[in-house]
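Student: missing the sequence, but the structure's below:
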């Protein structure tokens, strides 16, 4: 195990003091920052240097891309944000999401976000070319010896391509290293403590920061929480159950609406969706683009609509096309949206590359074939419609070219609270039970519940959530225990 670095009182490891002597060179975002000046109007961008390795000052440097919108009222500090993934661009996120933040928060804080190490505008992870990446993302596998062997071969080829085209950075994109980057950003922003709002995987990043640097945690909100104590295998099971539950919520809504192509009762309708997945394995659905919708792409197309109930009508349209006309056009559109694929075949982000690489450094599932088969059966029993897409997760990282990076801190983060954890009762990606678990793991946390659908809550749920979060971040008013919006 690599020893944890010795740190100074500000949390910057000994030997890395040179990195805190730089200034953040803010400038209006423009095309050179890969931000459309129209979309990015009012935002500043910058890049800073960070160490490749927080254990070895001599290992070299990487760059981190930042964006901010300055406070529009009486400024009281900076709020750092992360949208999750892992692998989502914080720069893209803040440019699109800032207007959805509460006015009280926007008045009080410079809202700052960043592309974590390995992601997009920061020094990026690079794996396959577009055509090979396309094939990798569309590949579907049967639950047979040959299918599992092909899955393993494809995963190994992906990892080798990432190592070949990325180099040593691939071994240093773990969440713990990203948390050290966050502390560097805090120091360069001139903030004595870190005020932070993280979403989805961003809650894991925030929880890691709290565990590593509890003495400098300010006001922290973790929305769409991840249970950081779960094994990879248990996380796969529970996420499959979350997707299954969210799909049932959609189905019930569809069956009660005019024009639904599904027929009830609910279990029968869920079986019809399962039938679409099953059919696509051997006979992918054709599209007008010449590309076929494989089983994996069909799942992506369904799953992405469950993150926000405003997308449910699009899912209804996609299912109708498949069931009535045998066309996969709408499902392909949704799958491409999920994978950040452009119509011409290129990709607008490297989120898939980062998602896999970060995950393989943080945690790995069992690679014992018998155990994986048993776990896959358990997942399918718990989530019969979507469970087949969550089994054999250990294969993804079993031949990863860099070793696991274990966490080196107390997960309870004593002294860091109070931290506000938000859970959505029907969240498909981060089940509500994960928010409950993270609240119990942290030494000083309070759970705020959004009773509703979709992934995360702040900015997409209701005024109750926004007002409660803003009152905490701006005024320090901690929500009362058991509050539900």
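Tutor: On my side now, so go ahead. For clarity, every value in this text was computed on a predicted model and none was experimentally measured.
Student: rest of the way, CA atoms for contacts and neighbours
Tutor: Fine.
Student: ranges for the strands of the protein?
Tutor: 27-28, 44-51, 61-69, 77-82, 109-115, 194-199, 217-223, 419-426, 445-453 (DSSP state E).
Student: pLDDT weak spots in the chain?
Tutor: For the chain, applying pLDDT under 70 flags the ranges 1-9.
Student: domain parsing for it?
Tutor: If you go by automatic domain parsing, the domain ranges for the chain are 17-124+173-230+406-475, 126-172+232-362+365-399.
Student: mind putting these into CSV with mean neighbour count and distance to residue 482?
Tutor: As requested, those are exported to CSV (neighbours: other Cα atoms under 10 Å; distance: least, Cα to Cα, whole Å):
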stretch, mean neighbour count, distance to residue 482
domain 17-124+173-230+406-475, 21, 7
domain 126-172+232-362+365-399, 18, 22
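Student: from the centroid of this protein, which residue is nearest?
Tutor: Nearest residue to the geometric centre of the chain (Cα atoms, centre = their mean): residue 85, 1.8 Å.
Student: re earlier: export the strands of the chain to CSV and tack on distance to residue 392?
Tutor: Listed next are the strands of the chain as CSV, based on distance: least, Cα to Cα, whole Å:
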stretch, distance to residue 392
strand 27-28, 46
strand 44-51, 35
strand 61-69, 34
strand 77-82, 29
strand 109-115, 30
strand 194-199, 27
strand 217-223, 28
strand 419-426, 25
strand 445-453, 28
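Student: how about the nearest residue to residue 358, chain neighbours excluded?
Tutor: Of all residues not flanking residue 358 in the chain, residue 174 sits nearest, at 5.1 Å (Cα to Cα, 6 or more residues apart in numbering).
Student: and that neighbour, what does it touch?
Tutor: Applying Cα atoms under 8 Å, 6 or more residues apart in numbering, we find residue 174 in contact with 357-359, 361-362, 405.
Student: then residue 380?
Tutor: 386-388.
Student: isn't the residue nearest to the centre of the chain right up against residue 355?
Tutor: Yes - here residue 85 lies in contact with residue 355, judged by Cα atoms under 8 Å, at a distance of 6.4 Å.
Student: now do residue 239 against residue 43, distance only.
Tutor: Using Cα to Cα, to the nearest Å, we find residue 239 at a distance of 35 Å from residue 43.
Student: revised request: answer the last question for residue 340.
Tutor: Taking Cα to Cα, one finds residue 340 at 23 Å from residue 43.
Student: what's in contact with the longest helix along the chain?
Tutor: In the chain, taking DSSP state H as the definition, the longest helix is helix 232-255. Helix 232-255 has contacts (Cα under 8 Å, 6+ apart) with 260, 262-264, 266, 269-270, 303, 306, 309, 312, 316, 363-366, 375, 378-379, 382-387, 390-391, 393-394, 426-431, 453-454.
Student: do that again at 7 Å, thanks
Tutor: 260, 262-264, 266, 269, 306, 312, 363-365, 379, 382-383, 385-387, 390, 426-431 (Cα atoms under 7 Å, 6 or more residues apart in numbering).
Student: can you check stretch 425-442 too?
Tutor: With Cα under 7 Å, 6+ apart as the test, stretch 425-442 has contacts from 200, 224-228, 239, 242-243, 246, 306-307, 411-413, 421-424, 445-447, 450-456.
Student: ok, now stretch 191-208?
Tutor: Residues beyond stretch 191-208 that count as contacts (Cα under 7 Å, 6+ apart) turn out to be 78-86, 175-176, 179, 186, 216-226, 228, 430, 456.
Student: quick one: terminal-to-terminal distance for that stretch?
Tutor: Chord length of stretch 191-208, first to last residue, is 19 Å (Cα to Cα).
Student: now stretch 208-217
Tutor: One end of stretch 208-217 sits 11 Å from the other (Cα to Cα).
Student: centre of the chain to it, how far?
Tutor: 21 Å (Cα atoms, centre = their mean, to the nearest Å).
Student: kindly report the same for stretch 27-41.
Tutor: In terms of Cα atoms, centre = their mean, the centre of stretch 27-41 is found 24 Å from the chain centre.
Student: just to revisit the earlier point, output the domains of the chain as a markdown table; include the columns distance to residue 11.
Tutor: Listed next are these as a markdown table, based on distance: least, Cα to Cα, whole Å:
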| stretch | distance to residue 11 |
| --- | --- |
| domain 17-124+173-230+406-475 | 7 |
| domain 126-172+232-362+365-399 | 19 |
